[in-house]
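Peer 1: pasting the structure only:
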């Protein structure tokens, strides 16, 4: 009897091959973790990153932040100041997992670095100080993580410091971040006696000696067994709802398995309903191995987060592509670094492959650009590769017109990903080259820095000819000026910092703008009747047309809107942009021959000028501030804040004899504040600020501002 032979068609063979490739690709991606380290300044982010590099074997020595030797803080300004200014990317291996790590800044002036990193990362580790718990910038970066729906785990660092309190830090996460923070470890010892952690999932004790790579794994110490059991039961109760089988066992009082607990923690973390909390001291090399285990166990692989949505630039259709190398190429540029050897553009690949020497299409510019080189980054070091695949974060050289937020794809299968939004600048200064011959060089340098940093703006003052640069704070502009002089060798002089004021309407006003000109031949005719009113719910200028009966033809209405919006941006006589204004076009007139888009745009400009005449008020940026000071200096700190027109909203006693003073204060009163704070607290207090809102300037202060402007 003959054995039957199954003959597969070519299509069936191709399908099988495709399925095998897809399965192999998915297996590869499940072993990838793209995550960032986020935290308040000085919580220990970079120290955690340095320990990760050392423990994974990526670095052969530990670089310390306080020595200016940290691998991830490779800029001169970072090394000198001991802070992270720009996010740094690196790759390493833990077990059979490939990790892409981005160490982000903690200072609010560089919040854009966190913003664009979280936009492209799949997960994050929030680092918190064991003494201070949640701090102001911790809240900011946590909100950014919420906005981009990034799963996170928390690491309570500095458990060896005097005043460290693991459970207090967890409590502040719940209270200030509204996070479902669930400890999956508990510390062994405290402050100077901190020597390890108890893993509540596996009920094992981890202790470290002086070598970061050597850890002892033992049973839970007898004197901590009861407390550990209570903490474990609390953890199981908190995570059970995320795993059906575990929940059923928990309700029935049955023993749950370690795998079920891990599966429940993972499910809750990926659903953004749970934040596992670990403990350690990165500086003393304690707890970082467990943190790496938690990264691979609980943070998502690229295929475990929702596929990023894009649009077809040709027809506006929504597009969602699976995250596989077999799909058409789609990548987002999220960071650019100017470099004498060729600008570096960091990209996250969402589909397809990016290859050295190939051309890729930029829908924003409608042009193709060739990629010269593709590299994996290790802070400032570069590792050339030929091809990068879906799920990878790499840097490329050779792109000239690509900026942060641009999409790279193929011309045949175009896609555009939603660009990132960055906050407005709040402070500006005037700069000039010390030598007239350096003016062109300064202009070129500024252009590079603007392309590199989306929160850095520059313009030329039409009256003085000075270059006006704007940023997110004093430190931001200080670093920019340092880079201009140090990195680009352009000596400059700086003016005094200036606040980025805004304006709004004092009251509602109804106007009729008539732009009518006749000088032989075809003339210009446009009449726009507009109601203007202040509206605190509106960000800038909101335009609406309620015209009926065709008194203003539909094709001219966008021109009126453009005129009003452009006039609002120009800021009238003072030059400060108008915000929080609602404009309603309710009537008008047109002419069959003399009306045009240009005429109605001019009418829009005129309408806005009429609306603001004797009807504008100055707005100033108000900052949210939190000051941590030793208790004995609290009165002096509050007194000084009040003298700066600050309002104290809350005072909270913290561990270690500290008081946290939270409030709001005008930015214009806060220049050189760090010097004053050091003076009145003997250098023992610190503070953090972030933009909060714009509010009306008191009349007496407004008079001073206008007088200073008149002086030039």
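Peer 2: Done, it's in. If you're wondering where the values come from, they're calculated on a predicted model, not measured in any experiment. Numbering: from 1, shown residues only.
Peer 1: which residue packs closest to residue 306, ignoring adjacent ones?
Peer 2: In space, and not counting its chain neighbours, residue 306 is closest to residue 149: 7.7 Å by Cβ to Cβ, 6 or more residues apart in numbering. Using the backbone N, CA and C atoms, a C-beta is placed for each residue, glycine as well.
Peer 1: make that residue 326, sorry
Peer 2: residue 21 (6.1 Å).
Peer 1: Relative to residue 163, how far out is the residue lying closest to residue 658 once chain neighbours are set aside?
Peer 2: With sequence-adjacent residues excluded and distances taken as Cβ to Cβ, 6+ apart, residue 658 is closest to residue 628, at 5.4 Å. The gap separating residue 628 from residue 163 is 12 Å, by Cβ to Cβ, to the nearest Å.
Peer 1: Which neighbours in the sheet does the host helix or strand of residue 336 have, and how are they oriented?
Peer 2: Here residue 336, judged by DSSP states H and E, is contained in strand 330-337. According to DSSP bridges, strand 330-337 forms sheet pairs with strand 344-351 (antiparallel), strand 407-409 (antiparallel).
Peer 1: Of the ones you listed, which shows the lowest average pLDDT?
Peer 2: Among these, strand 344-351 carries the lowest mean pLDDT, a mean of 89.
Peer 1: Which of the helices or strands spans residue 102?
Peer 2: strand 97-103.
Peer 1: That strand: what's the following helix or strand?
Peer 2: Trace forward from strand 97-103 with DSSP H and E and the next one is helix 111-120.
Peer 1: Would you mind identifying the next helix or strand past that next one?
Peer 2: strand 123-129.
Peer 1: Name the residues of the helix or strand that comes right after that following strand that are buried.
Peer 2: Downstream of strand 123-129, the next assigned helix or strand under DSSP H and E is helix 136-147. By 16 or more other Cβ atoms under 10 Å, the buried positions in helix 136-147 come out as 136, 137, 138, 139, 140, 141, 142, 144, 145.
Peer 1: picking that back up, my guess is the residue nearest to residue 306 contacts residue 270. True?
Peer 2: No: Residue 149 sits out of contact with residue 270 when judged by Cβ atoms under 8 Å, with a separation of 10.3 Å.
Peer 1: More neighbours: those two, which one.
Peer 2: Neighbour totals were compared for residue 149 and residue 270, and residue 270 leads with 19 against 11 (other Cβ atoms under 10 Å).
Peer 1: returning to what we had before: between the strands paired with strand 330-337, which one is closest to residue 235.
Peer 2: Ranking the strands paired with strand 330-337 by proximity to residue 235 (Cβ to Cβ) places strand 344-351 first, at 33.5 Å.
Peer 1: ok, now how distant is the residue nearest to the spatial centre of the chain from residue 606?
Peer 2: Nearest to the geometric centre of the chain sits residue 115, at 1.3 Å (Cα atoms, centre = their mean). When distances are taken as Cβ to Cβ, residue 115 and residue 606 turn out to be 38 Å apart.
Peer 1: Okay, helices next: where are they in the stretch 201-350 of the chain?
Peer 2: Assigned by DSSP state H, counting those that start in this stretch, the stretch 201-350 of the chain shows helices spanning 225-239, 244-252, 258-270, 288-298.
Peer 1: buried sites along the longest one?
Peer 2: Taking 16+ other Cβ under 10 Å as the neighbour-count basis, helix 225-239 is seen to contain the buried residues 228, 231, 232, 235, 236, 238, 239.
Peer 1: Give me the three-state assignment for the nearest residue to residue 499 once chain neighbours are set aside.
Peer 2: In space, not counting the residues next to it along the chain, residue 499 is nearest to residue 668; the distance is 4.4 Å by Cβ to Cβ, 6+ apart. Counting by DSSP: H, G, I helix; E, B strand; the rest coil, the backbone at residue 668 sits in helix.
Peer 1: next one: residue 549
Peer 2: Strictly by three-state DSSP, residue 549 counts as coil.
Peer 1: burial count for it?
Peer 2: Residues near residue 549, counting by other Cβ under 10 Å: 6.
Peer 1: same thing with the one 3 residues further on?
Peer 2: Applying the criterion other Cβ under 10 Å, we find 26 residues in the vicinity of residue 552.
Peer 1: again with residue 424
Peer 2: 17.
Peer 1: my guess is it meets residue 500, correct?
Peer 2: Yes: at 7.2 Å, residue 424 and residue 500 qualify as touching, with contact defined as Cβ under 8 Å.
Peer 1: do you know how far residue 378 is from residue 548?
Peer 2: 64 Å.
Peer 1: residues in contact with residue 579?
Peer 2: 502, 503, 504, 538, 539, 540, 541, 568, 619, 694 (Cβ atoms under 8 Å, 6 or more residues apart in numbering).
Peer 1: Could you list which of those residues belong to strands?
Peer 2: Within the contacts of residue 579, residues falling in strands by DSSP state E are 502, 503, 504, 541, 619, 694.
Peer 1: And the third one, what's its pLDDT?
Peer 2: The reference is to residue 504. pLDDT, residue 504: 94.
Peer 1: Over to residue 4?
Peer 2: 50.
Peer 1: Then residue 8?
Peer 2: At residue 8, pLDDT is 54.
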